[in-house]
Each structure stands twice: as C-alpha cells, then as structure tokens.
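Q: the sequence and its predicted three-dimensional model are supplied below.
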Amino acid sequence: MAFILKGSPECVKSELKLFHLPATQTAIEDGHWVEFHPLSNVFDGGPVEFHISGSGEEYVDLSQTQLYVKAKIVKADGKPLEKDEKIGPVNLFMHSLFSQMDISLNDRLVSNSSNTYSYRSYFETLLNHGFDCKTSQLTSEMFYKDNNDGLKLRSKFFE
C-alpha cells in the first residue's frame, strides 16, 4: 500500500472503531465563553463586523463560534405585523439574513468572498447531510423539507 507521507502509520477510520475506547483530551485545561459585540451599529444597513483578537496563551476554537441574533419580522414599511397575519420564513432563516461572510486571520482573507452565502449554505446543507440529520439536528437551524408541512413548522417559530 502506498502512503501519502513516508513513514506515516496506518490507521482505521474512527467510524469503524466500534469497540475502541475513545481517547481523553488532556491538552486543553480549561475553557470559557467570551462575548463579542459588533464594531458598528447593525441598524444602518452596513456590514456587521466583529474583531476577535487572539493571544499567545489562549486558543480560539472557531468551530465553537456561535452568533446570537434577535430579529423581528415586520412589514415592508417597517410597521409590525398584525396578530392574524400568517408568515413563513425560508429554510435556514439565519443563513438567509446574510449575503456575504468573510473571515480574515491576521488581516488575510481566508474564506471565499462572494455575495452568495445564503445560497451556498442552503446547497451545502442539501448535499452534505443525510435524511436523518435533516430531520433531527438541522431542525435547530429551522431546516424543514421545503413543502407545505415544512412551511407550517417554520411559521410556528414566529407566532
């Protein structure tokens, strides 16, 4: 068998290790959550920008990054909805709020910069996740099958 790196050991995919006791992580001693606020006012229609500075003694786990958004759906003229008005947001509602996401590390862009973020996230969800994931974990992101039943389930979040 040819190895990609000379001298690298053989391994088995972790999914195939059914009776293997997983290793215990001992490299990170402690963890804590830090709250960052946007640099600019989010009501002016400009970009929402965060600056998260690192330090040599702390590790920032980007996979554990969470964005909390409090949103209100209003009419096109800015007036509140009537109590009996029926609305239904699109799939992946939070993803649809943003058209572009840029991530820079040390002032260097490390993400694909385009204004198709909401479409990309929707296609990635459709193509990269199986049925079980779509009907369980992804419902926390308001992902429901795009039919009448899914629309009714998404609209319940905004009653």
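A: Perfect, I can see it now.

Q: quick one: contacts for the closest residue to E141 other than its chain neighbours?
A: If the residues on either side of it in the chain are set aside, E141 comes closest to L92, at 5.7 Å by Cβ to Cβ, 6 or more residues apart in numbering. All C-beta atoms are positioned from the backbone trio N, CA, C, and that covers glycine. With contacts taken as Cβ atoms under 8 Å, 6 or more residues apart in numbering, L92 has the following neighbours: S118, S121, Y122, T125, E141, M142, F143.

Q: let's see it at 7 Å
A: S121, Y122, T125, E141, M142, F143 (Cβ atoms under 7 Å, 6 or more residues apart in numbering).

Q: so of those, which ones are in helices?
A: Cross-referencing the contacts of L92 against helices under DSSP state H gives S121, Y122, T125.

Q: could you look up the SS state of the closest residue to the first one other than its chain neighbours?
A: Beyond its immediate neighbours in the sequence, the residue positioned closest to S121 (Cβ to Cβ, 6+ apart) is H95, lying 4.1 Å away. The local conformation at H95, judged by DSSP: H, G, I helix; E, B strand; the rest coil, is helix.

Q: my understanding was that H95 contacts S118; is that so?
A: Yes - at 5.2 Å, H95 and S118 qualify as touching, with contact defined as Cβ atoms under 7 Å.

Q: rewinding a little: filter the ones in helices among the contacts of L92 down to the buried ones.
A: When the ones in helices among the contacts of L92 are checked for burial by 16 or more other Cβ atoms under 10 Å, the buried set is S121, Y122, T125.

Q: nearest to L151 among those residues?
A: When these are compared for distance to L151 (Cβ to Cβ), Y122 wins out at 15.3 Å.

Q: how far away is the nearest residue to the closest one once chain neighbours are set aside from G130?
A: Distances taken as Cβ to Cβ, 6+ apart place L92 nearest to Y122, at 5.7 Å, with adjacent residues excluded. Computed as Cβ to Cβ, to the nearest Å, the L92 to G130 distance reads 17 Å.

Q: over to Q64?
A: Taking Cβ to Cβ, one finds Q64 at 23 Å from G130.

Q: tell me, how many residues neighbour S136?
A: Applying other Cβ atoms under 10 Å, we find 9 residues neighbouring S136.

Q: one more: S113?
A: S113 sits with 12 neighbouring residues when counted by other Cβ under 10 Å.

Q: wait, what's in contact with it?
A: Going by Cβ under 7 Å, 6+ apart, S113 touches Q100, D102.
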